[in-house]
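**Student:** Turn this into a structure:
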Amino acid sequence: MNRVSLRMMRTWAGYGSRFLPFADAATPDLPLSRLLRLSLFQISVGMALVLLIGTLNRVMIVELEVPASLVGIMLALPLLFAPFRAVIGFRSDNHRSVLGWKRVPYIWQGTLVQFGGLAIMPFALLVLSGAGEAANAPLWVGRLGAGLAFLLVGAGLHTTQTIGLALATDLAPIESHPKVVGLMYVMLLVGMILSALLFGAMLVDFTAARLVQVIQGSAVATMFLNVIALWKQEARRPARLGLSPTPNDASFSDSWRAFTRGSFALRRLVAVGLGTMAFSMEDVLLEPYGGQILHLTVGSTTKLTATLAVGGLLGFGLASRVLSRGADPFRMASIGALVGIPAFSCVIFAAPLYSPLLFGLGTFLIGFGGGLFGHGTLTATMNLAPAEQRGLALGAWGAVQATAAGIAVAFSGVIRDVVGGMAMDGRLGTGLIGAATGYSAVYSLEIVLLVATLCAMVPLISKATGPWSPPVPAAVPLGTRDPLDTLVDFYLNR
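**Tutor:** A predicted model of the protein is given here:
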């Protein structure tokens, strides 16, 4: 190969690692193709989340005419399994299999459970709505079937995501953890965006048969994606065979006590819970706020989801770049919480100023701050987890995050209705009479939660000691330096 061809090849390789997101997360032992294949489980999780929270939420209420209160109960059922993520993670840490695996069996079981829930869900929903030949079926049959379907899907996706992240932690070297985290959550967002577009296009002309096809097609896609993701990822090791003794036969309670005795373990979980609640309460209120208060069209409010997602993607990208240079993940999470304070302030002041532009800016910053916060806390969890407790640590993080998000979404609607009703009745004073008061109360509470998150994180920033050493950046020829690297250096050396 001549000198010119060699230089051109190196130039193209350099552009690939600079502009392909998280391409430099790959290592010789974990190439990019294998890492991308592993991340397919996040696409199946994102597809299930969109199906539950977005598509079925609307279909059940509008097309199937199921009471909204019953829909809310059904959508809350998957959260019942969220606290058990820590137990599932612990079990995978200590699993002994005849096949010599510890993560693969749990991901496979989670996939089967999720597949089963999606397989029975469309028929259960049709019986629940009393449509067609199901009009004479007992009411309890539809409720029991729908409840079981939602519970199975929730159990499956929580299990798959928890153990999938633990497997990614096992496979990736510690210096690559930040970028692996970013890649995994970017793939989750990609799965959610693509699934939303696909489901929307397929259900434009709604029929019961089309609903069955969409949901059961999702079940088949879940199985297909997760099997590809698992294929030849975890090595079989004789030490994990079911007939061999294990050095760690501790119970879950013993392991949990050992985990919580770690450096600020409970404080970390409290910070994750407070921050997640702060960045989740607005999830179901942003679009109604834009429509009711700022009188935006349906198309304009729908774009808010994309704005939030773009902010989250940029937050994950910047956090991955900075944390891979050895920065403190708790400091990164704190910066995300700080960004959230002016973000919610923009949303609040958009109403009296009647400024859709300010509202859009606030929405973007909420996504950006949430991306920084989520990436920082998950990276810290991965880095500080002992090798024998990675599943437990990631399960605890996921359990706290999912439970806090569910509680936040549930209470946000209640707070808006109660405070808004009191304001309209004049019980809060004449100056607060208006539909925006209930929304502003929720957004103000989120600012308070962000301040509490920052207070909880102060000792973590000063005491954070990860077991990794900052990677040394390679020398970059003059004139080819990435502008984002300049921003990272400013952050690290300020």
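**Student:** quick one: buried residues of the strand or helix carrying residue 312?
**Tutor:** Element membership for residue 312 (DSSP states H and E) is helix 298-323. For helix 298-323, the neighbour count (16 or more other Cβ atoms under 10 Å) marks 300-301, 304-305, 307-313, 315-323 as buried. All C-beta atoms are positioned from the backbone trio N, CA, C, and that covers glycine.
**Student:** One more: stretch 44-62?
**Tutor:** So stretch 44-62, judged by 16+ other Cβ under 10 Å, has buried residues 44-52, 54-57, 59-60.
**Student:** Please save the CA atoms from stretch 31-41 in PDB.
**Tutor:** C-alpha atoms of stretch 31-41 as PDB (Å, rounded to 0.1, in the frame of the first residue of the first chain):
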ATOM      1  CA  PRO A  31     -15.600  -4.400  18.600                       C
ATOM      2  CA  LEU A  32     -18.200  -1.900  17.500                       C
ATOM      3  CA  SER A  33     -20.200  -4.500  15.500                       C
ATOM      4  CA  ARG A  34     -20.600  -6.700  18.600                       C
ATOM      5  CA  LEU A  35     -21.400  -3.700  20.800                       C
ATOM      6  CA  LEU A  36     -24.100  -2.500  18.500                       C
ATOM      7  CA  ARG A  37     -25.600  -6.000  18.300                       C
ATOM      8  CA  LEU A  38     -25.700  -6.200  22.100                       C
ATOM      9  CA  SER A  39     -27.500  -2.900  22.200                       C
ATOM     10  CA  LEU A  40     -30.400  -4.300  20.200                       C
ATOM     11  CA  PHE A  41     -32.100  -5.300  23.500                       C
END
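**Student:** what's that stretch in contact with?
**Tutor:** 23, 25-26, 107, 160-161, 164, 167-168, 171-172, 180, 183-184, 187, 225-226, 228-231, 233 (Cβ atoms under 8 Å, 6 or more residues apart in numbering).
**Student:** Break down the chain into its strands, ranges please.
**Tutor:** Under the criterion DSSP state E, the chain carries no strands.
**Student:** hang on, the earlier thing: what's the helix holding residue 312 packed up against?
**Tutor:** With contacts taken as 3 or more Cβ pairs under 8 Å, 6 or more residues apart in numbering; DSSP states H and E, helix 298-323 sits against helix 177-202, helix 286-292, helix 329-353, helix 356-384, helix 483-493.
**Student:** What's the mean pLDDT across the first one?
**Tutor:** In other words, helix 177-202. Average pLDDT, helix 177-202: 79.
**Student:** Which elements pack onto that helix?
**Tutor:** Helix 177-202 is packed against helix 32-38, helix 40-49, helix 139-171, helix 208-230, helix 298-323, helix 356-384, with contacts defined by 3+ Cβ pairs under 8 Å, 6+ apart.
**Student:** Worst mean pLDDT among the ones you listed?
**Tutor:** For the helices and strands packed on helix 177-202, where the average pLDDT is lowest is helix 298-323, sitting at a mean of 76.
**Student:** centre of the chain versus that helix, how much separation?
**Tutor:** Per Cα atoms, centre = their mean, to the nearest Å, the displacement of helix 298-323 from the mean C-alpha position of its chain is 13 Å.
**Student:** I'd like to check the angle between that helix and helix 329-353, please.
**Tutor:** Between the axes of helix 298-323 and helix 329-353, defined by axes from the mean of the first three to the mean of the last three Cα atoms, to 10 degrees, the angle is 160 degrees.
**Student:** so which of the helices and strands packed on helix 298-323 is the most packed in?
**Tutor:** Greatest average neighbour count among those goes to helix 356-384 (a mean of 24), per mean count of other Cβ atoms under 10 Å.
**Student:** Output the contacting helices and strands for it.
**Tutor:** In this structure, helix 356-384 makes packing contacts with helix 139-171, helix 177-202, helix 265-278, helix 286-292, helix 298-323, helix 329-353, helix 390-424, judged by 3+ Cβ pairs under 8 Å, 6+ apart.
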